[in-house]
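Trainee: mind looking at a prediction? Sequence and model below.
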Amino acid sequence: MIKKKAGFISKAFTQYSQISESMVLTFSSKSSFMINEFIQAQEGNDDVKLMELYYEGDYLQTRNHLTLNFNHVQIQKKHHDDILNQAYKDYEGYSILYRYKRVGKRLYFYTDSKNEAFDMVCYTDK
């Protein structure tokens, strides 16, 4: 899944002309998940800088809802910008309630708050 953001509302992101996020989301058990996230951040016309993060947590799935509880966030490759690093580290202890819907080979995660920062599209080759 790749998300590109333009026009940021969070102060941590305002200096960046583009941020691309790719994630590998793994449901490792009936109640645990892991996410490996790869981020490319570009300031203006400067070179793209990379970040890597690892998330662990537990989840609760109901009929058409999925709650992800982010229990641990580890920054594996830091960005030179401490504010950006902290913006991602702040997910630790956070919970997100998603609705989800599968359409073909895509799985859509979205929130009732209509906050695009949390929306995701997952793809499968199966």
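Mentor: Alright, I've got the coordinates. Predicted, not measured: the structure shown is a model, and the values here were computed from it. Residues are numbered from 1 along each chain as shown.
Trainee: and the strands in the chain?
Mentor: Counting by DSSP state E, the chain has these strands, from start to end: 2-5, 18-27, 32-42, 49-61, 65-77, 95-103, 106-110, 120-123.
Trainee: the last one pairs with which strands?
Mentor: Strand 120-123 has the following strand partners under DSSP bridges: strand 106-110 (antiparallel).
Trainee: can you list contacts of the strand it pairs with?
Mentor: Residues outside strand 106-110 that contact it (Cβ atoms under 8 Å, 6 or more residues apart in numbering): 66, 98-102, 118-124. Where C-beta positions appear, they are placed from N, C-alpha and C, glycine not excepted.
Trainee: please state the offset of that strand from the chain centre?
Mentor: Here the centre of strand 106-110 is set off from its chain's centre by 13 Å, with Cα atoms, centre = their mean, to the nearest Å.
Trainee: can you pull the buried residues of it?
Mentor: Neighbour counts over strand 106-110 (16 or more other Cβ atoms under 10 Å) mark Leu107, Phe109, Tyr110 as buried.
Trainee: Asp119 contacts Lys101, doesn't it?
Mentor: No - using Cβ atoms under 8 Å, Asp119 is not in contact with Lys101; the gap is 11.7 Å.
Trainee: give me every residue that touches the residue of the chain most remote from its centre.
Mentor: Ranked by distance from the centre of the chain (Cα atoms, centre = their mean), the top residue is Asn45, with 24.2 Å. Neighbouring residues of Asn45 by Cβ under 8 Å, 6+ apart: Ser17.
Trainee: what's the neighbour count on the closest residue to Ser95 other than its chain neighbours?
Mentor: Ranked by Cβ to Cβ, 6 or more residues apart in numbering and with sequence neighbours excluded, the top spatial neighbour of Ser95 is Asn69, at 4.7 Å. Residue neighbour count, defined by other Cβ atoms under 10 Å, stands at 16 for Asn69.
Trainee: from memory Asn69 sits against Asp58, does it?
Mentor: Yes - contact criterion Cβ under 8 Å: Asn69 and Asp58 qualify, at 5.1 Å.
Trainee: before we move on, back to that, out of the buried residues of strand 106-110, who's nearest Leu53?
Mentor: Nearest to Leu53 among these: Phe109, at 17.7 Å, using Cβ to Cβ.
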